[in-house]
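J.: The amino acid sequence is not available; the structure is as follows:
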C-alpha cells in the first residue's frame, strides 16, 4: 500500500522494458516519472507489490469516440457534457488507457457532430483536463467538406488547441447511399434533420467539391508547421494515400482496401487499425478484406486504437499473442510505444528512465480477457481492482 506517492517502488513485477524484453525487476517512481529500474526498496510504506503481475506501459488511444455514447446514448437524447466526459474518464482508466485522444468530429452536419457541439467539447476538455485521471487530448476529426470552418480550424491549429488532426470524408459513402436508395438513418438520426433536408444539404456541399483539396492542403500545412501529427481516414486507393503522404500526412487511419494499406506500408507510414476489429475478427463496416489481425500478420499495421469500444484496446494485444500472430511485446507496443511515437509524445509509451510513470498492472494468468489490476497515470494510482 502506498502512503507517500512522491517516491515509491513497484516491486517484483514482470516489466516490459523499452528493448522489448519482459524482466522481473523493480521500478522506482519519483514525482510522476520512472526514476530508476532495478533499484531496491525505499521502505515498506512506499512499496507497490506487483509480484505475479505484468507491469506495462499504459495504453495510448489515438482514436476513440465511444464518449459520444455518453453524450447521446440514444438518438435525440443528450446529457450534460461535463457528466459525460467524467464518466468517459472513469471508463478509460478502468480499461488501462492512460492517454486518450478524444476523436471529436467537426462536420458540416448539424446535431451531434456540429460546430456547436464540437466547440463545446473542446471547451470542456480544456477546462476539465486537469481534473481527469486520464491524460486527455483533442483529436480533431475534420470532415473535408466542412469548407466554411477552415479559417476557424486554422486558428485552432495555430494556437495549439488541437493535438492530432485527421481528415475524414464520409461524403462519397453518403452520396452513394442517396443514389442507390439505401437507408440514410445512421447519418440522419444524429443531425436532427428530416431526410429531405439532409439530402438538400448534401447536394449543396457536393457542388463545392472543387474546393476540398485546397482546404486539405491548407490545414495540413498549418498542422505541419505547428508539429501536430496528421492522419487520413478510410483511404480507399493508393493514390489517396500518396496524396496525403506528399502533404506531410504520415498516418493512415483504417485504410479500407488492400491497395491503400499496401501503399501505406510502401511509404513507411504509420498504420492505425481498430482493436475491436481484432477482437471481433473483422470490420464492423465490412471493409474489403481488411481483417486487422490478418493485416498485422502480414506486417501491415503498427498501431491499434479503441475506435468505438474502450475495452478492446488492452484486450487486442492479448488476442494477437494468443493466436501467435505476433509476440506479446510487439503487440503491446501497438497500443503504447508505437502510438506515442506517431503522436509525437516523446515522454511516454515505454518503460524507461525519465519517462512518465503511466503504467498498468495486468494479471497474465487471466484465461479469457485482460484482467487489469491497477492503472497509474503520472505515478498516481487512478484505478485499482483490488488492494495491492
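T.: That came in fine, so what should we check first? As the structure is a computational prediction, the values presented were derived from the model and not from experiment.
J.: Specify the local secondary structure of residue 310.
T.: Secondary structure, DSSP: H, G, I helix; E, B strand; the rest coil: residue 310 is coil.
J.: That one contacts residue 97, correct?
T.: Yes: here residue 310 reaches residue 97: they are 6.4 Å apart, a contact under Cβ atoms under 8 Å. From N, CA and C alone the C-beta is placed, and that goes for glycine too.
J.: between those two, what contacts are shared?
T.: 61, 64 (Cβ atoms under 8 Å, 6 or more residues apart in numbering).
J.: More neighbours: which of the two?
T.: residue 97 (29 against 24; other Cβ atoms under 10 Å).
J.: Could you check how far the more buried one is from residue 56?
T.: Distance, residue 97 to residue 56, by Cβ to Cβ, to the nearest Å: 12 Å.
J.: Same question for residue 80.
T.: Applying Cβ to Cβ to residue 80 and residue 56 gives a distance of 34 Å.
J.: who's more crowded, the two?
T.: Using other Cβ under 10 Å as the criterion, residue 80 and residue 56 rank with residue 56 on top: 26 against 10.
J.: For the more buried one, list each beta-bridge partner.
T.: Counting by DSSP bridges, residue 56 is bridged to residue 360.
J.: so it touches residue 333, yeah?
T.: No: using Cβ under 8 Å, residue 56 makes no contact with residue 333, being 10.1 Å away.
J.: where do the helices sit along the stretch 1-150 of the chain?
T.: 68-71, 81-93, 115-128, 150-158 (DSSP state H, counting those that start in this stretch).
J.: Go through those helices and name the closest to residue 371.
T.: Closest approach to residue 371 among those (Cβ to Cβ): helix 81-93, 15.3 Å.
J.: between the closest one and helix 115-128, how many degrees?
T.: Here helix 81-93 runs at an angle of 60 degrees relative to helix 115-128 (axes from the mean of the first three to the mean of the last three Cα atoms, to 10 degrees).
J.: What helices and strands are in contact with helix 81-93?
T.: Packing partners of helix 81-93 (3 or more Cβ pairs under 8 Å, 6 or more residues apart in numbering; DSSP states H and E): helix 68-71, helix 115-128.
J.: Below-threshold pLDDT in the stretch 101-250 of the chain: ranges please.
T.: Counting by pLDDT under 70, the stretch 101-250 of the chain shows no low-confidence range.
J.: What are the boundaries of the strands in it?
T.: Secondary structure of the stretch 101-250 of the chain (DSSP state E, counting those that start in this stretch): strands located at 135-143, 164-168, 230-233.
J.: Relative to residue 345, which of those strands is closest?
T.: strand 135-143 (8.9 Å).
J.: what lines up beside the closest one in the sheet?
T.: strand 97-106 (parallel), strand 164-168 (parallel).
J.: Can you check what angle separates it from helix 150-158?
T.: Using the same axes, to 10 degrees: strand 135-143 against helix 150-158 is 150 degrees.
J.: What's the end-to-end length of stretch 322-340?
T.: Using Cα to Cα, to the nearest Å, the end-to-end distance of stretch 322-340 comes out at 24 Å.
J.: mind listing what's buried in that stretch?
T.: 325-326, 328-340 (16 or more other Cβ atoms under 10 Å).
J.: Pull the most distant pair out of those residues.
T.: It's 325 and 340 that sit farthest apart of those, by Cβ to Cβ, at 21.9 Å.
J.: coming back round to it: dump the helices and strands packed on helix 81-93 into TSV; add mean neighbour count and distance to residue 225 as well.
T.: TSV is the format used below for the helices and strands packed on helix 81-93 (neighbours: other Cβ atoms under 10 Å; distance: least, Cβ to Cβ, whole Å):
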stretch	mean neighbour count	distance to residue 225
helix 68-71	18	30
helix 115-128	16	20
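J.: In JSON lines, list these along with distance to residue 294.
T.: Shown next, in JSON lines, are the helices and strands packed on helix 81-93 (distance: least, Cβ to Cβ, whole Å):
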{"stretch": "helix 68-71", "distance to residue 294": "28"}
{"stretch": "helix 115-128", "distance to residue 294": "35"}
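J.: For residue 277, which of these is the nearest?
T.: helix 68-71 (18.5 Å).
J.: Which strands or helices does that closest one pack on?
T.: Counting by 3+ Cβ pairs under 8 Å, 6+ apart, the packing neighbours recorded for helix 68-71 are helix 81-93.
J.: What is the distance between the helix it packs on and the centre of its chain?
T.: Distance, stretch centre to chain centre, for helix 81-93: 15 Å (Cα atoms, centre = their mean, to the nearest Å).
J.: now swap in stretch 133-143 and tell me
T.: 8 Å.
J.: Look up how far residue 234 lies from residue 141.
T.: Counting by Cβ to Cβ - residue 141 and residue 234 are separated by 11 Å.
J.: Are there residues contacting both of those two? Which ones?
T.: With Cβ under 8 Å, 6+ apart, residue 141 and residue 234 have common neighbours residue 168.
J.: pLDDT of the helix or strand where residue 294 lies, averaged?
T.: Using DSSP states H and E, residue 294 sits within helix 292-297. For helix 292-297, the mean per-residue pLDDT is 95.
J.: and if you look at stretch 65-73?
T.: pLDDT averaged over stretch 65-73 gives 89.
J.: and the gap between residue 266 and residue 299?
T.: Residue 266 is 12 Å from residue 299, by Cβ to Cβ.
J.: ok, now residue 241?
T.: From residue 241 to residue 299 the distance is 16 Å (Cβ to Cβ).
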